[in-house]
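[1] sharing a model prediction with you, sequence too.
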Protein chains: 2
Amino acid sequence: MTESHTPIPAALAQIIISMTPRIRHSPFFNATVRDGVSHFSVYNKMLMPTSYGDLAAELHRLMHGVAMWDVGVERQVEVSGPDADRLVQYLSARDLSKMKAGQGKYVAMCDHQGRLLNDPILLKLSDRYWFSLADSDMLLWVRAIAAEGGYNVDVCEPDVSPLAIQGPKAEDVVAKMFGESIRSIRYFGCIETTLAGIPIVLCRSGWSKQGGFELFLRDGAKADALWEMVKAAGQEYGIGPGAPNHTERVESALLSWGGDTTPESNPFEANMAKFVDVDTPVNYIGKAALQKVVATGPKRLFVGLVLDGNAPSDWPLGERVLVTAGGRDVGTMSAVVYSPRLGRTIGLAQIERQTVEANARLQVHTPKGVQGAVLAPIPFA
Amino acid sequence: MTESHTPIPAALAQIIISMTPRIRHSPFFNATVRDGVSHFSVYNKMLMPTSYGDLAAELHRLMHGVAMWDVGVERQVEVSGPDADRLVQYLSARDLSKMKAGQGKYVAMCDHQGRLLNDPILLKLSDRYWFSLADSDMLLWVRAIAAEGGYNVDVCEPDVSPLAIQGPKAEDVVAKMFGESIRSIRYFGCIETTLAGIPIVLCRSGWSKQGGFELFLRDGAKADALWEMVKAAGQEYGIGPGAPNHTERVESALLSWGGDTTPESNPFEANMAKFVDVDTPVNYIGKAALQKVVATGPKRLFVGLVLDGNAPSDWPLGERVLVTAGGRDVGTMSAVVYSPRLGRTIGLAQIERQTVEANARLQVHTPKGVQGAVLAPIPFA
């Protein structure tokens, strides 16, 4: 697939998706429908709620209150058994030798050429690991590596579906449900617990920078019950439904694998340098390729853009759009939004390194015409 | 994910999908929008047209005339290089030792436990293979197997996007474009050719039983031009846009991988027995597991159902629904439609073998209530 920039036709204001069992439902699906879900995406072959019809209110809750999200699409690849430590290390471009049960880590899973296949949160539980996935079928990858390498492990997709509670008041809601001790859980720390008999892994995580937790529900049949319990507990804090928020994620520069990255991207082109260990004795898939990237420098960098003051931001971005500098192709922009907090139209882009280092002025070829832009540090301040 | 049957809520008559570069566009996207596409699905992380707003007309064209479909979502995994023959055989649960360039074969790709990972058409070209995929990221699987096994191959997803021409008049349209000699191409036979300089692999294939060809476009930048050429050539035959047709595919019992199958299904549970070779000297992934299935018999079978005469068929099926016999769970139904040709409401299901062998009367637990059903041979006569 080329990365040409196709203007989104005005004739197609809304894309309606056909129902099919090939695209699965989250166990929270019925609950989200009751609460008025209006838009979805498809993620890991599952319907993912993206809005309940009032994006401004959803953003406000996330930034100033608390929101609850069905993120059941974050599927887990579970690895257990005698060789689990060894296999999980081999699959992760990060030194895990000091990782303890109850910890989570953001890891790059790469192929043998150093291409980024997924950027999961890896959770280490008492007796198993979960790769909590972005949008690619990593079960195929992990099973192939495990079987061909003769690892003595069990690899599966368990019945585990995260419900995220996000926002500055999220901790209060979670403390009310699980007790005050949860306030001491560190970032990406997790505990295996229950709530009214419902098995849950509680983790301080979530795809926003506003703080919060994810409740990894270990029994899909209890999804409705859990949803209603969170809703009831959050009522006094003004909780409401939401979804991974486009505005906040662009402001916070959270990576959308497969959207911000291309199939050729390595983790250094995805702003993951500090999570990749190349000077380590441990061996993992893609290590030699990644060492080469470090030696020569990545070709592109994941950067922020601030578009010129009059840039419209109301076009939907269905494909990456071309970015040029002085008439030359230098990269693509993959997300754009008007940030109410910053009062500017901002974007995320992959731009060739030399252009970034020269801090060149850029032109973004949007469906609404060419817009000037400058580079900005991420996350946007 | 459990296979519970969630009634589709009336509140959610249409599922609207958010735009994101994470879900790619086919190179034919603009052309389909010009021609009035109204509904999509998501397949291999790409938008796939599913209707242009008049399903009856689309079915009629397919059954009695000719239709053109954007099936760019059928992505190819390309394997080339010195060890390509050996790797492709290892990945395919079928004896390919006599396969010649210019042939295509329907193959089961299985994992080491014999689970069906994908059911592609494998095309053998002069210097490479293409696995023309159903809806799973097989690039991950093939690259993992190739790299860990030390195969000297190149594995990629090339810029190749099929455009299907289907229906009883499809051959006439294709002969008009490519010459009369194409009439001698056998089923799944393919030729490497060009049309006005556009590189194409022409194959007698397509996801219907009404006959036709797929034009595997080898240059996405020429998609618009090719679409218009097909449209012009087909005009005298009444060609119009369409998509893989739900009614026809249920009547013909064409497998929808991931919809009709579960992650645990083996090819014998997907009606692929005649395409799987277990008594062969060649080695491939999952062979021992599949031999065991043959020895014991598959647990479930992929079958046709005819629902009782008064069964409504106007409910969208967003999830597989439960099937019981005498109060006992015996399987799930994954597709249902009213067949105008048969004058009956028909379905596709996975049902436990003993129940099928006993030809038991069944109850289908639809969102509109329990409906009686009987088994029927597939494809539906």
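    Cool, the structure landed.
[2] residue A:158 touches residue A:78, doesn't it?
    Yes - distance between residue A:158 and residue A:78: 4.8 Å, which falls inside the contact criterion (Cβ atoms under 8 Å). For the C-beta atoms, the positions are set from N, CA and C on the backbone; glycine is no exception.
[3] how many neighbouring residues does the closest residue to residue A:108 other than its chain neighbours have?
    Closest residue to residue A:108 apart from its sequence neighbours, by Cβ to Cβ, 6 or more residues apart in numbering or on different chains: residue A:267 at 3.9 Å. By other Cβ atoms under 10 Å in any protein chain shown, 28 other residues sit near residue A:267.
[4] the nearest residue to residue A:362 once chain neighbours are set aside: which element?
    Beyond its immediate neighbours in the sequence, the residue positioned closest to residue A:362 (Cβ to Cβ, 6+ apart) is residue A:373, lying 4.6 Å away. Element membership of residue A:373, judged by DSSP states H and E, is strand A:369-376.
[5] swap in residue A:347?
    Going by DSSP H and E, residue A:347 is part of strand A:344-352.
[6] okay, angle between that strand and strand A:369-376 too, please.
    80 degrees (axes from the mean of the first three to the mean of the last three Cα atoms, to 10 degrees).
[7] which residues are contacting strand A:344-352?
    Here strand A:344-352 makes contact (Cβ atoms under 8 Å, 6 or more residues apart in numbering or on different chains) with A:250-251, A:253, A:260-262, A:265, A:269, A:299-307, A:309, A:311-313, A:323, A:330-339, A:362, A:364, A:373, A:375-376, A:378, A:380.
[8] so residue A:28 is in contact with residue A:225, correct?
    No - with the criterion set as Cβ under 8 Å, residue A:28 and residue A:225 do not qualify as a contacting pair; they are 10.8 Å apart.
[9] higher neighbour count, the two?
    Taking neighbours as other Cβ under 10 Å, residue A:28 and residue A:225 compare with residue A:28 leading, 26 against 16.
[10] quick one, phi/psi of residue A:119?
    Note on residue A:119: backbone dihedrals following degrees, to the nearest 10 are phi -130, psi 70.
[11] okay, it: pLDDT?
    Model confidence at residue A:119, expressed as pLDDT, equals 98.
[12] how much space separates it from residue B:244?
    Look at residue A:119 and residue B:244: by Cβ to Cβ, to the nearest Å, they are 33 Å apart.
[13] how about residue A:260?
    With the distance defined as Cβ to Cβ, residue A:260 ends up 31 Å from residue B:244.
[14] re earlier: ok, the residue nearest to residue A:362 - contacts?
    Residue A:373 touches A:305, A:306, A:307, A:308, A:311, A:323, A:347, A:361, A:362, A:363, A:364, counting by Cβ under 8 Å, 6+ apart.
[15] and residue A:177, by the same measure?
    For residue A:177, the set of contacting residues under the criterion of Cβ under 8 Å, 6+ apart consists of A:195, A:229, A:230, A:233.
[16] now, the contacts of residue A:373 that are in strands?
    Judged by DSSP state E, strands contain the following of those: A:305, A:306, A:307, A:323, A:347, A:362, A:363, A:364.
[17] the residue lying closest to the second one once chain neighbours are set aside: neighbour count?
    Translated: residue A:306. Excluding the flanking residues, the one nearest residue A:306 by Cβ to Cβ, 6+ apart is residue A:376, at 4.7 Å. For residue A:376, the tally of surrounding residues (other Cβ under 10 Å) stands at 17.
[18] wait, residue A:376 sits on residue A:307?
    No - under the contact definition of Cβ under 8 Å, residue A:376 does not touch residue A:307, with a separation of 10.0 Å.
[19] per-residue confidence at residue A:315?
    Reading off the per-residue confidence, residue A:315 sits at a pLDDT of 64.
[20] wait, I meant residue A:16
    With respect to pLDDT, residue A:16 scores 85.
[21] and if you look at the one 4 residues further on?
    Per-residue confidence (pLDDT) for residue A:20: 91.
[22] cool, residue A:197 as well?
    What the model reports as pLDDT for residue A:197 is 97.
[23] and what of the one 4 residues further on?
    We note a pLDDT of 98 for residue A:201 in this prediction.
[24] same question, residue A:85
    On the pLDDT scale, residue A:85 is placed at 98.
[25] in a helix, it, correct?
    Yes - with DSSP: H, G, I helix; E, B strand; the rest coil as the criterion, residue A:85 is located in a helix.
[26] need the nearest residue in space to it, chain neighbours excluded.
    Leaving out its chain neighbours, the residue that sits closest to residue A:85 by Cβ to Cβ, 6+ apart is residue A:96, at 7.9 Å.
[27] just the element for the one you found, please.
    Residue A:96 is located outside every helix and strand, with elements delineated by DSSP H and E.
[28] which residue packs closest to residue A:377, ignoring adjacent ones?
    Closest residue to residue A:377 apart from its sequence neighbours, by Cβ to Cβ, 6+ apart: residue A:304 at 6.5 Å.
[29] whoops, I mixed them up, residue A:324
    In space, and not counting its chain neighbours, residue A:324 is closest to residue A:363: 4.8 Å by Cβ to Cβ, 6+ apart.
[30] what does residue A:359 give?
    Closest residue to residue A:359 in three dimensions, ignoring its sequence neighbours and counting by Cβ to Cβ, 6+ apart: residue A:375, at 5.9 Å.
[31] likewise residue A:70?
    The spatial neighbour of residue A:70 that comes closest, neighbours along the chain excluded (Cβ to Cβ, 6+ apart), is residue A:28 at 3.9 Å.
[32] so what's that neighbour up against?
    In this structure, residue A:28 makes contact with A:70, A:72, A:161, A:163, A:223, A:224, A:227, judged by Cβ under 8 Å, 6+ apart.
[33] the stretch 51-200 of chain A: helices as residue ranges?
    Secondary structure of the stretch 51-200 of chain A (DSSP state H, counting those that start in this stretch): helices located at A:55-64, A:84-91, A:138-148, A:170-178.
[34] low-confidence ranges in the stretch 1-150 of chain A?
    A:1-13 (pLDDT under 70).
[35] could you pull out the strands for it?
    Here the stretch 1-150 of chain A has its strands, by DSSP state E, counting those that start in this stretch, at A:15-17, A:39-43, A:46-51, A:67-70, A:76-80, A:104-106, A:109-110, A:116-118, A:121-124, A:129-132.
[36] hang on, the earlier thing: ok, the residue nearest to residue A:324 to chain B distance?
    As for residue A:363, its distance to chain B is 19 Å (criterion: Cβ to the nearest Cβ, to the nearest Å).
[37] before we move on, back to that, ok, the ones in strands among the contacts of residue A:373 vs residue B:42, which is closest?
    Ranked by distance to residue B:42 (Cβ to Cβ), the ones in strands among the contacts of residue A:373 are led by residue A:347 at 24.1 Å.
[38] which residues does that closest one bridge with?
    Here residue A:347 shows beta-bridge partners residue A:305, residue A:336, assigned using DSSP bridges.
[39] low pLDDT regions in the stretch 251-381 of chain A?
    Scanning the stretch 251-381 of chain A for pLDDT under 70 picks out A:311-316.
[40] ok, residue A:260 and residue B:244, which is more surrounded?
    In this comparison of residue A:260 against residue B:244, neighbours counted by other Cβ under 10 Å, the higher total goes to residue A:260 at 26 against 23.
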